[in-house]
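Participant: could you work out the structure for the sequence below:
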Amino acid sequence: MKIRLPSSAYNWVSLIGAVIALVSLFMIVFLFAISFFFDRGGSYLGLVIYILLPGFLVIGLILIPIGMLLNFNKSKGKEKKLPYIDLNQVAHRNAFLIFITGTIIFLFISAMGSYEAFHYTESTEFCGTLCHSVMKPEYVAYQNSAHARVRCVECHVGEGADWYVKSKMSGLYQVYAVLANVYPKPIPTPISN
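Facilitator: Residues are numbered from 1 along each chain as shown. You can find the predicted model right below:
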């Protein structure tokens, strides 16, 4: 049985969006399998799996309906009408079922990915090697100190989502300072005495 979709789905913008979304999803699954089964990739693999690739997946998924809307309005001539859904038509029913199934799968994967991204950004490896690369001397000292048993976020962030959001918002200036190379050298200690 050939799956038929509405005629508005057959356009270059939707096709490019579908390709971006499918390639991103395949790469997420593939890289997750590599990190899970082979324990490879280091701290950058988590950044790619849980933060970068989901962004491309969302962009691809957004391009699909944008292309459909553009194509729908173009094919109907000068009169702009809103698209409609008629589940009695096979093409509309197939598109609706694909959309519902895809949405459920996407929400499930997003929930897992968001959970993993949260825990990944709270890991000591993320803090010391990826996010705070300017803190390399401090991270090396941390690994060889009595504090090595305590995760960075337990002292520097606080517990729960509220402190997580506050720390990320207050860290925006530090991101700017590192990117613009305007941070103080050496980095002063947060406690003066």
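Participant: how about G17: what's its closest non-neighbour residue?
Facilitator: Closest residue to G17 in three dimensions, ignoring its sequence neighbours and counting by CB to CB, 6 or more residues apart in numbering: L63, at 2.7 Å. Every C-beta, even on glycine, is put in place using the N, C-alpha and C of the backbone.
Participant: secondary structure class for N88?
Facilitator: Look at N88: counting by DSSP: H, G, I helix; E, B strand; the rest coil, its state is coil.
Participant: typed the wrong thing, it's Y183
Facilitator: Per three-state DSSP, the secondary structure class of Y183 is coil.
Participant: that one: neighbouring residues, count only.
Facilitator: Under the neighbour criterion other CB atoms under 10 Å, Y183 is assigned a count of 14.
Participant: so who does it touch?
Facilitator: Y183 makes contacts with V134, Q174, A177, as judged by CB atoms under 8 Å, 6 or more residues apart in numbering.
Participant: just the pLDDT at the second one, thanks.
Facilitator: As predicted, Q174 sits at a pLDDT of 78.
Participant: now the last one
Facilitator: Among the per-residue scores, A177 shows a pLDDT of 81.
Participant: coming back round to it: and for the residue nearest to G17, the neighbour number?
Facilitator: By the other CB under 10 Å criterion, the neighbourhood of L63 contains 20 residues.
Participant: what about I28, distance to Y173?
Facilitator: Plainly put, I28 is 31 Å away from Y173 if you go by CB to CB, to the nearest Å.
Participant: and if you look at V153?
Facilitator: Computed as CB to CB, the V153 to Y173 distance reads 19 Å.
Participant: which of those two has more neighbours?
Facilitator: When V153 is set against Y173 and neighbours are counted by other CB under 10 Å, the residue ahead is V153, at 18 against 10.
Participant: okay, buried residues for the strand or helix carrying that one please.
Facilitator: According to DSSP states H and E, V153 maps onto helix 152-156. Neighbour-count burial for helix 152-156 flags C152, V153 (criterion: 16 or more other CB atoms under 10 Å).
Participant: list the contacts of the helix or strand following it.
Facilitator: With elements assigned by DSSP H and E, the helix or strand that comes after helix 152-156 is helix 160-170. Outside of helix 160-170, the residues that reach it under the criterion CB under 8 Å, 6+ apart are F118, E122, V153, H156, V157, G158.
Participant: let me know the next secondary structure element after helix 160-170.
Facilitator: Tracing the chain past helix 160-170, the next element assigned as helix or strand by DSSP H and E is helix 172-180.
Participant: which of the residues in stretch 124-138 are buried?
Facilitator: For stretch 124-138, the buried set under the neighbour-count rule, 16+ other CB under 10 Å, comprises T124, F126, C127, G128, T129, L130, C131, H132, M135, E138.
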